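fold the following for me, if possible:
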Amino acid sequence: QVQLVESGGGLVQAGGSLRLSCRASDRTINSSPTAWFRQAPGKEREFVGSLSWTGGSTRYAQFVSDRFTISRDDARNTVYLQMNSLKPEDTATYYCAARARFQPVAVMTSEYDYWGQGTQVTVSS
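Numbering: from 1, shown residues only. So this is what the prediction gives:
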């Protein structure tokens, strides 16, 4: 069972950038669809973006508005979420998730099999 570990969260001013990392325990991540979700206090976990198992296709939530980019480094078994032009409303705990290998991407939390522990992102105004 693959394990996912996020890192890279922190405190940043509005307009700043952060890059989150999601390191997998093995290479299965390189053939698995992955996604980033986030959850703010008192709110449901919401879809941020996804990467197909081939690594060739991405999909983002509307609120991302071209500010975020998901990528993968197969040599490092790591998926990244580059976040630019951060806003205070982006404050949340960010989670990476993966489905079983070769599955299509999905936007529902229930369709993901593996989750990281989350990393906190706080954007000050």
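
quick one: end-to-end distance for stretch 41-61.
Taking CA to CA, to the nearest Å, the first and last residues of stretch 41-61 lie 19 Å apart.

can you give the contact residues for that stretch?
With CB atoms under 8 Å, 6 or more residues apart in numbering as the test, stretch 41-61 has contacts from 30-39, 64, 68-72, 74, 79, 81, 92, 94-95, 101-109. C-beta here means a position set from N, CA and C on the backbone, and glycine is covered the same way.

again, 7 Å this time
Stretch 41-61 has contacts (CB atoms under 7 Å, 6 or more residues apart in numbering) with 31-39, 64, 68, 70, 72, 79, 101-103, 105, 107, 109.

name the helix or strand for the residue nearest the centre of the chain, please.
Relative to the mean C-alpha position of the chain, the nearest C-alpha, by CA atoms, centre = their mean, is the one of Trp36, at 2.5 Å. If you go by DSSP states H and E, Trp36 is part of strand 34-39.

give me the sheet partners of that strand and which way each runs.
Strands that pair with strand 34-39, judged by DSSP bridges, come out as strand 46-51 (antiparallel), strand 92-98 (antiparallel).

may I see the buried residues of the helix or strand following the shortest one?
Pointing back at strand 46-51 there. Of the helices and strands lying after strand 46-51 in sequence (DSSP H and E), the nearest is strand 58-60. Neighbour-count burial for strand 58-60 flags Thr58, Tyr60 (criterion: 16 or more other CB atoms under 10 Å).

swap in stretch 77-94?
For stretch 77-94, burial by neighbour count (16+ other CB under 10 Å) applies to Asn77, Thr78, Val79, Tyr80, Leu81, Met83, Leu86, Asp90, Thr91, Ala92, Thr93, Tyr94.

so who does the second one touch?
Yep, that's Thr78 we're talking about. By CB under 7 Å, 6+ apart, Thr78 lies in contact with Ser21, Cys22, Arg23.

no further queries at this time; thank you.
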